[in-house]
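> I would like to see how this sequence folds:
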Amino acid sequence: MKHPFGLCSITLLVTLTGGCWELSKPQALGTLERDRIVLTAVSGELILEQPVTEGSPIHKGDLLVQLEDSLQRAIVSQAQAEVDSAAANLDKLRKGPREEEVSIAKARVTGAKALLKEAELALERARTLQAKKAVGEADYDSALSRRDSVAASLVSAQEQLRELINGTREEDLKQAESQLLSTQAQLQQEKIRLKDYRVTATRDGWLDSLPWNVGERVFAGSPVAVTLAQQAPYARIYIPEPYRVNVKVGDPITLTIDGMEEKWHGTVRWIANDAAFTPYYALNAEERARLMYLAEVELPDTAVDLPSGLPVQAELQ
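Here you go, the predicted structure:
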């Protein structure tokens, strides 16, 4: 009896040839890949410099893109000034008042006492004259207000002198110390942000692409450099559904690379749980065979010189 679905539906299908899948050489197809590092702009600024050309080898710390940083440098200078001010204030509180400040405060107290004595004499004269009906009540009220004002000034001068003599309170010192720590943290934050205006390589490898040109204004968060890590590439392959159940993380796998007769032996390091680019609801047996599961195969360090993007074939069991 002839099978209703034909020969292609009753064999395990892997490599499509002439409309059917070959049973003798089950393969998973893919390409060689490397880790891609996308470096982004910290702020929307002009690109001033791109000292490395695309495709060049790079080392960790190499400058790839320099952004305009004049505004950020001004912010750092302002933060440094705030740190200096907070440090000076804390140092002043720790040292306490100078002798000259204490002397000035004592002189103010002495002057306030003299003014108070004068105001009390003037008030007494106004009281006597008012009793004799020689001055009006308004003159007496003015002398009384003058005496009270000078008395209040004396109390204020005495309190200021007492404050200087007693020294800085512990609470004021703690507040000044906290203020200094806060300004120092802000300065450090702005310095780190300034450093980010120099987009540098974070790993050894190659500069893959520069999406922007010198003189263009980038957007904050936009990619300004893409690098490839200097490491042995890994194979990104697609495993057909009929063979997925037999492939596990840690399994050895043999790879053939286009243009090379030598075969490479790798290890499966990751397999996707979901099928790629094919709907998986209500599939029959033939349709399920078309499902593909993305996987990554780690290659040995000796493959470090292999270029990225080469097609590979993985031999499946």
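> Please count neighbours and contacts with C-alpha atoms only from this point.
OK.
> in what helix or strand does residue 228 lie?
strand 223-229 (DSSP states H and E).
> the helices in the protein, which residues?
7-10, 70-95, 99-131, 137-166, 170-195, 241-244, 285-288 (DSSP state H).
> Now do the third one, average pLDDT.
For helix 99-131, the mean pLDDT works out to 83.
> Name the residues of it that come out as buried.
102, 105-106, 108-109, 112-113, 115-116, 119-120, 122-123, 126-127, 129-130 (16 or more other C-alpha atoms under 10 Å).
> Just give me the longest strand of this protein.
If each strand of the chain is counted by residues according to DSSP state E, the longest one is strand 263-271.
> Just the residues contacting that one, thanks.
248-257, 293-300 (C-alpha atoms under 8 Å, 6 or more residues apart in numbering).
> Adjacent strands (with direction) for it?
Paired strands of strand 263-271, with direction, are strand 252-257 (antiparallel), strand 292-298 (antiparallel) (DSSP bridges).
> okay, the ones you listed, which one's buried deepest?
Ranked by average neighbour count under the criterion mean count of other C-alpha atoms under 10 Å, the strands paired with strand 263-271 are headed by strand 292-298 at a mean of 21.
> Check the offset of that one from the chain's centre.
Relative to the centre of its chain, strand 292-298 is centred 33 Å away, using C-alpha atoms, centre = their mean, to the nearest Å.
> Same check on stretch 35-53?
Shown here is stretch 35-53, whose average C-alpha point lies 15 Å from the average C-alpha point of the whole chain (C-alpha atoms, centre = their mean).
> Can I get the strand holding residue 228 in PDB? Just the C-alpha atoms.
As requested, C-alpha coordinates have been extracted for strand 223-229 and formatted as PDB (Å, rounded to 0.1, in the frame of the first residue of the first chain):
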ATOM      1  CA  PRO A 223      25.100  52.600  19.400                       C
ATOM      2  CA  VAL A 224      28.300  54.400  18.400                       C
ATOM      3  CA  ALA A 225      30.600  51.400  18.000                       C
ATOM      4  CA  VAL A 226      30.200  47.600  17.600                       C
ATOM      5  CA  THR A 227      33.000  45.300  18.400                       C
ATOM      6  CA  LEU A 228      33.700  41.500  18.100                       C
ATOM      7  CA  ALA A 229      35.300  39.700  21.000                       C
END
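> just how off-centre is it within its chain?
Between the mean C-alpha position of strand 223-229 and that of its chain there is a distance of 18 Å (C-alpha atoms, centre = their mean).
> next one: stretch 251-264
On C-alpha atoms, centre = their mean, the centre of stretch 251-264 falls 41 Å from that of its chain.
> Name the spans of the stretch 51-200 of the chain whose pLDDT lies under the cut-off.
Within the stretch 51-200 of the chain, the set of residues satisfying pLDDT under 70 comprises 96-98, 102, 164-168.
> follow-up on the earlier one: buried residues in the longest strand of the chain?
When neighbours are counted by 16+ other C-alpha under 10 Å, the buried residues of strand 263-271 are found to be 264, 266, 267, 268, 269, 271.
> between those, which is closest to residue 67?
Each of the buried residues of strand 263-271 was checked against residue 67 using C-alpha to C-alpha; the closest is residue 269, at 38.4 Å.
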